[in-house]
Structure formats: structure tokens, C-alpha cells
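Sequence and predicted model, in that order:
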Amino acid sequence: MKSILQTNGLTKVYDDTYALHEVSISIEPGRIYGLIGQNGSGKTTLMRLIAGLSFPTSGTLELFGYTDEKKIHQERKRIGCMIEYPSFIPNMTAKDNLKLHRIMRGIPNAEVEEELLQIVGLEDTGKKKARDFSLGMKQRLGIAIALLGNPEFLILDEPINGLDPLGVVEVRNLLIKLCTEQQKTILISSHNLPELYQVATDYIIIHDGEIREAVTLKQLEEHCKRYLRLECDCPEKLAAIIEYELHTDNYKVMPDRSIRLYDFLDDKEWIMKVFFQNGIIVTNCSTEGDTLEDYFISTIGGAERV
């Protein structure tokens with residue numbers, strides 16, 4: 001299956017300053033990509049380049065398998081965007097906003113308005129003006145507008161920024177539904193890393209305009225997996241006891257001779273008793289493992305960079 005997007009050495013310079021530098025990423029269909037970075041890292045610039053709202057200084061972009069500029073321009077009809085903020089008229093209702101954008105885009109079927117309102121959960125807003133919506137409702141209206149034309153690829157810039165917990169859950173469930181039920185590919189940026197961790201299937205970490213890492217959820221979970229760090233003066237014997245007394249091989253002996261035990265995280269007292277009964281004095285038994293925030297900070301170069 002073809003990639004939705006491929007960039008190669010994508011670079012954007014503003015007044016001799018690199019907003020993006022040699023960015024090369026690949027986005028595959030039917031997945032949710034979390035774009036992680038600080039303010040000014042290049043997230044929005046990258047999204048604008050993909051959407052055709054800005055143009056690169058150098059580098060190439062392949063969209064839906066096409067590299068020709070005219071063809072890419074046509075293929076952008078298959079993209080829906082909400083970049084920087086939702087695009088709606090405050091003194092109009094949700095339905096009227098959708099009608100306006102539908103007509104501007106030349107989409108003939110009016111029934112799509114009600115369908116989209118149901119998809120994003122705004123079907124009961126009636127004559128309520130968009131200016132009186134909660135922040136979560138405004139974000140969902142922005143997503144509904146982005147969904148006009150039934151795009152295959154959604155680009156959403158901070159769609160959960162500033163939302164209350166209920167609004168976050170509403171938008172999260174909507175994005176997962178769009179991906180799993182409608183097979184839409186989504187690129188989403190967010191500062192809310194714990195929430196992003198519940199939504200994204202893949203992660204792209206960007207810092208100072210450069211891609212620092214691209215990982216799948218499975219790879220990230222390996223990096224961020226919680227474990228018991230065990231230390232003693234005879235790790236070989238400790239490893240044998242883990243296998244024969246605790247009946248698990250879900251552990252790793254590290255280069256520093258400590259052991260990472262991925263089971264029994266809530267049974268520290270019991271396993272310490274088992275080790276003691278087998279003649280092992282464990283000098284350290286601590287729960288460790290990175291969160292997504294820890295991993296992000298280590299990837300961009302440490303806490304002093306944040």
C-alpha cells in the first residue's frame with residue numbers, strides 16, 4: 001500500500017532562520033501520528049507545508065504517491081485541515097458554518113451537514129451560535145469542517161489544547177472512531193503528551209526544526225515500559241531464582257549488571273522475601289521506566305532543553 005505522505009529533506013527558511021531543516025518523514029494509511037514538539041519546534045510549519053498553505057525553501061514532498069506539483073495540488077482535495085485554530089464564523093450556528101464551507105468548496109450534497117454534525121456530536125446544538133460553544137464543541141466543529149469532502153488524510157493542529165477533561169475525552173474518542181471506523185489517516189500535534197499516548201499509533205518527535213525520532217506505539221511502549229530495577233552482588237544467581245522461583249522469563253540483565261524485571265511490579269514485598277529465602281540480598285529494588293514526557297525530554301537532549 002502506498003504511503004499517504006513522504007517528505008525528503010523538507011526545509012523552510014524565514015529571514016535566514018530555519019523553521020524546518022532537512023525533514024524526512026513517512027506517513028502510512030490508517031494510522032494516527034502524534035507530532036510532538038515544543039512551541040517553535042516546527043510542528044505548525046510542517047503541517048502548513050503539507051497542506052499547501054506555505055511552500056518549502058527546498059526539499060521534496062510526495063502526496064498519495066505523486067511528486068508533480070500540479071498533481072499534488074489536486075490531491076490536496078483528499079486532505080482535511082484544522083491548523084492553528086478552528087475556522088468558523090462565531091455568529092453562525094454549527095449547521096450554518098458547515099453549509100457555508102460546503103458551498104465554498106463546491107460540495108453539492110447538503111445532507112452531509114447533518115451527517116457530520118452527528119459524527120462529531122453536535123447534532124443537538126440547534127440555533128445555538130458557535131461563539132457560545134464550549135471550547136470542546138468549537139474544536140469538534142473545526143474537525144467537522146475539516147471532514148467536509150470526506151478527506152482520507154486529516155491534519156489537526158493542537159485539537160485538544162485548552163480543553164477540559166470532558167472535552168479531551170470527546171475529541172479523543174472522535175479521532176479514534178474516525179481512524180478505526182472510517183480508516184482515516186490523522187496527523188495530530190499536541191502538548192498534552194499523556195493524552196496523545198492514548199490516541200496515537202505512531203510518534204514523530206521534532207525539535208528546533210529537525211526530526212529527532214519517529215517511533216511506533218509498540219516501540220515507544222518498549223522504551224517506556226515500567227519495570228523493577230534489581231541490584232545485588234550476584235545477578236546470575238538472581239536471574240536463576242527469577243526463572244525457577246518466580247516462573248517468569250520476562251526480565252533483562254543489563255550491561256551494568258542490574259536486572260529489569262517486568263512482572264510483579266505490585267508485589268515487591270513478596271519477591272524480596274523470595275529472594276531472601278534463597279540467599280540473595282537485593283541492595284536495590286525500585287520501580288522505574290520512562291513516561292512519554294521523560295522519553296521526549298531525553299530524545300531532545302535533556303531537561304535543560306525544555
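Structure's in. What do you need?

I'd like the distance between the residue lying closest to Tyr85 once chain neighbours are set aside and Leu98.
Once flanking residues are discounted, Tyr85 sits nearest to Gly142: 7.5 Å by Cβ to Cβ, 6 or more residues apart in numbering. (Glycine included, C-beta is placed from N, CA and C.) Here Gly142 is placed at a distance of 11 Å from Leu98 (Cβ to Cβ, to the nearest Å).

Can you give the contact residues for the helix or strand harbouring the residue nearest to Tyr85?
Taking DSSP states H and E as the criterion, Gly142 maps to helix 135-146. Helix 135-146 is contacted from outside by 80-82, 85-88, 94, 97-98, 101, 116-117, 119-122, 125, 130, 133, 154-156, 159-160, 162-164, 166-168, 170-171, 174, using Cβ atoms under 8 Å, 6 or more residues apart in numbering.

returning to that earlier point: who has more neighbours out of Gly142 and Leu98?
A count of neighbours by other Cβ atoms under 10 Å puts Leu98 above the other of Gly142 and Leu98, at 27 against 24.

There's contact between the more buried one and Gln118 in this structure, I believe.
No: using Cβ atoms under 8 Å, Leu98 is not in contact with Gln118; the gap is 11.6 Å.

Overlap of the contact sets of the two?
With Cβ under 8 Å, 6+ apart, Leu98 and Gln118 have no common neighbours.

Endpoint to endpoint, stretch 56-74 covers what distance?
One end of stretch 56-74 to the other measures 18 Å (Cα to Cα, to the nearest Å).

How about residues contacting it?
2-13, 20, 22-23, 49-50, 52, 75-76, 78-79, 152.

Tell me which of those fall in strands.
Judged by DSSP state E, strands contain the following of the contacts of stretch 56-74: 5-13, 20, 22-23, 79.

Could you export the helix holding Gly142 as PDB, CA atoms only?
What follows is helix 135-146, C-alpha atoms only, in PDB (Å, rounded to 0.1, in the frame of the first residue of the first chain):
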ATOM      1  CA  LEU A 135     -14.000  25.000  23.800                       C
ATOM      2  CA  GLY A 136     -14.500  21.300  23.200                       C
ATOM      3  CA  MET A 137     -17.600  22.000  21.000                       C
ATOM      4  CA  LYS A 138     -15.600  24.600  19.000                       C
ATOM      5  CA  GLN A 139     -12.800  22.100  18.400                       C
ATOM      6  CA  ARG A 140     -15.300  19.400  17.300                       C
ATOM      7  CA  LEU A 141     -16.900  22.000  14.900                       C
ATOM      8  CA  GLY A 142     -13.500  22.700  13.500                       C
ATOM      9  CA  ILE A 143     -13.000  19.000  12.900                       C
ATOM     10  CA  ALA A 144     -16.400  18.700  11.300                       C
ATOM     11  CA  ILE A 145     -15.400  21.500   8.800                       C
ATOM     12  CA  ALA A 146     -12.100  19.600   8.200                       C
END
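
Now do the buried residues in that helix.
By 16 or more other Cβ atoms under 10 Å, the buried positions in helix 135-146 come out as Gly136, Met137, Lys138, Gln139, Arg140, Leu141, Gly142, Ile143, Ala144, Ile145, Ala146.

Kindly report the same for stretch 38-51.
For stretch 38-51, the neighbour count (16+ other Cβ under 10 Å) marks Ser41, Gly42, Lys43, Thr44, Thr45, Leu46, Met47, Arg48, Leu49, Ile50, Ala51 as buried.

And the most centrally placed residue in the chain, which helix or strand is it part of?
With distances taken as Cα atoms, centre = their mean, Gly34 lies nearest the centre of the chain, 1.8 Å away. In this structure, Gly34 sits in strand 32-36 according to DSSP H and E.
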